[in-house]
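1. quick one: sequence plus predicted model below, questions after.
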Amino acid sequence: MRRFFIFIIATAVLASCGGQPPPSSGTPPPAQPAAPAPVVIPDDVPLLYVSNEVGGTITIINAATLTPLVTDQLGKRPRGITVSPDRSQLYVALSGSPIGGPGVDEKTLPPADKKADGIGVFDVRTNKLLKVLPSGSDPETSAVSQDGKLLFVANEDTGLASVIDLNEGKVAETFKVGGEPEGTAITPDGKQLWVTSEEDSAITVVDLSARKVVKSIEVAPRPRSIAFLPDGSRAYVPSETTGVMTVIDARRLRVTGKVALGEGMRPMGTVMSPDGRMLYVTTGRSKMLLMIDTKSNTLVGSIEAGQRPWGIALSPDGKTVYTANGPSDDVSVIDVEKREVIKKIPVGRGPWGLALVERKQ
């Protein structure tokens with residue numbers, strides 16, 4: 001089995017005098033600390049990657065043993081993580097805009113560092129940041145085309161979705177997608193890009209063949225993310241401020257209903273089970289992971305996940321959900337059959353996004 005190592009190398013300065021040892025003072029010198037052991041990252045285990053927005057880092061977790069391996073610097077405000085179709089690279093949204101949050105007067109915040117905006121390209125084989133691509137202003141999330149050639153980026157402060165040509169490493173075009181775009185998703189057939197607009201309470205649908213916006217779908221206020229059934233027939237969009245899930249006929253591009261999630265719920269991140277039977281939803285300050293039965297479109301369960309769970313990921317077998325809990329700097333591991341948190345894994349400061357990558361050769 002091939003392995004690679006991340007070494008932490010400590011250097012020491014050795015004093016000498018003409019090649020002779022210094023005179024003894026009668027007190028033995030303090031013992032030198034042992035060099036830290038190298039961090040070993042096997043190449044045949046699944047890894048969970050966590051973007052830490054406050055710390056500007058990425059944490060790598062061995063998903064087989066549920067242990068953190070390393071936390072490395074990445075860039076300012078890393079948020080959404082997208083995995084390339086061949087699972088060789090991660091695309092991480094980096095932003096130089098200051099962290100605000102609900103109720104914060106933006107006039108009191110420091111100026112944005114636009115030089116820090118971009119998409120970090122992170123190599124999964126070496127677990128190193130390769131480069132940062134231009135992306136537009138204040139990128140938050142992205143979605144990649146099925147052929148791996150284009151990356152679509154939601155630029156939160158400009159109301160634009162950028163299209164990055166990954167071969168050329170530059171922005172090829174942009175689309176107007178409404179104010180404060182956040183969630184991005186490609187339909188299962190690869191033909192459309194969907195982008196949420198928090199400000200406009202809408203979904204913008206872009207035809208990727210025609211390269212044009214084909215429709216804006218009104219949804220409940222402050223939509224955050226998008227999840228499709230595997231067959232692409234339906235889409236689910238959470239509304240943070242009204243505590244409902246908007247259900248959309250994804251073929252006719254029209255709203256067909258809403259799922260009430262309970263008083264006080266603030267739905268954020270979404271992930272669909274591999275068989276399409278269950279939708280999992282994080283709820284931010286409401287602390288819960290919610291479970292929606294997609295056959296009946298009803299809420300069927302809830303689990304207290306942690307402090308402000310936002311980012312979410314699901315194991316390929318559909319048995320384990322992971323949530324990124326910002327204020328507590330940890331990731332919850334949730335057994336969905338037992339409906340309980342089985343472990344909390346410490347990560348960097350302010351975890352935001354999650355991506356689980358199977359790496360078997």
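-> Looks like it came in fine.
2. which residues touch the nearest residue to residue 328 once chain neighbours are set aside?
-> Sequence neighbours aside, residue 307 is the residue nearest to residue 328 in space, at 4.0 Å (criterion: CB to CB, 6 or more residues apart in numbering). (C-beta placed from N, C-alpha, C; glycine too.) Contact analysis of residue 307 by CB atoms under 8 Å, 6 or more residues apart in numbering lists 287, 325, 326, 327, 328.
3. surely residue 210 is within a strand?
-> No - remark: residue 210 does not belong to a strand; assigned using DSSP: H, G, I helix; E, B strand; the rest coil, it is coil.
4. residue 243 and residue 264 touch, don't they?
-> Yes - the pair residue 243 and residue 264 passes the contact test of CB atoms under 8 Å, sitting 7.0 Å apart.
5. and the two? Which one has more around it.
-> Taking other CB atoms under 10 Å, residue 243 and residue 264 do not tie; residue 243 has more neighbours (20 against 11).
6. check contacts around residue 179.
-> Contact analysis of residue 179 by CB under 8 Å, 6+ apart lists 159, 197, 198, 199, 200.
7. hey, where'd the strands end up in the stretch 1-150 of the chain?
-> Counting by DSSP state E, counting those that start in this stretch, the segments of the stretch 1-150 of the chain that form strands are 3-6, 39-42, 47-52, 57-62, 67-73, 81-83, 89-94, 118-123, 128-133, 139-144, 150-155.
8. where among those is average confidence lowest?
-> Set side by side, the strands of the stretch 1-150 of the chain give their lowest mean pLDDT on strand 3-6, at a mean of 39.
9. low-confidence ranges in the stretch 251-361 of the chain?
-> For the stretch 251-361 of the chain, applying pLDDT under 70 flags the ranges 360-361.
10. try it again at 90.
-> Along the stretch 251-361 of the chain, segments meeting pLDDT under 90 span 358-361.
11. quick revisit: let's have the strands of the stretch 1-150 of the chain in a markdown table, adding mean neighbour count and distance to residue 111.
-> Shown next, in a markdown table, are these (neighbours: other CB atoms under 10 Å; distance: least, CB to CB, whole Å):
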| stretch | mean neighbour count | distance to residue 111 |
| --- | --- | --- |
| strand 3-6 | 12 | 35 |
| strand 39-42 | 15 | 37 |
| strand 47-52 | 26 | 23 |
| strand 57-62 | 23 | 23 |
| strand 67-73 | 15 | 22 |
| strand 81-83 | 22 | 26 |
| strand 89-94 | 26 | 17 |
| strand 118-123 | 22 | 18 |
| strand 128-133 | 16 | 20 |
| strand 139-144 | 24 | 18 |
| strand 150-155 | 26 | 17 |
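12. please identify which of these is closest to residue 348.
-> Nearest to residue 348 among those is strand 47-52 (3.2 Å), distances taken as CB to CB.
13. which residues does the residue nearest to residue 48 when sequence neighbours are not counted contact?
-> Residue nearest to residue 48 in three dimensions, not counting chain neighbours: residue 61, with 4.1 Å by CB to CB, 6+ apart. By CB under 8 Å, 6+ apart, residue 61 lies in contact with 47, 48, 49, 50, 67, 68, 69, 331, 345, 347.
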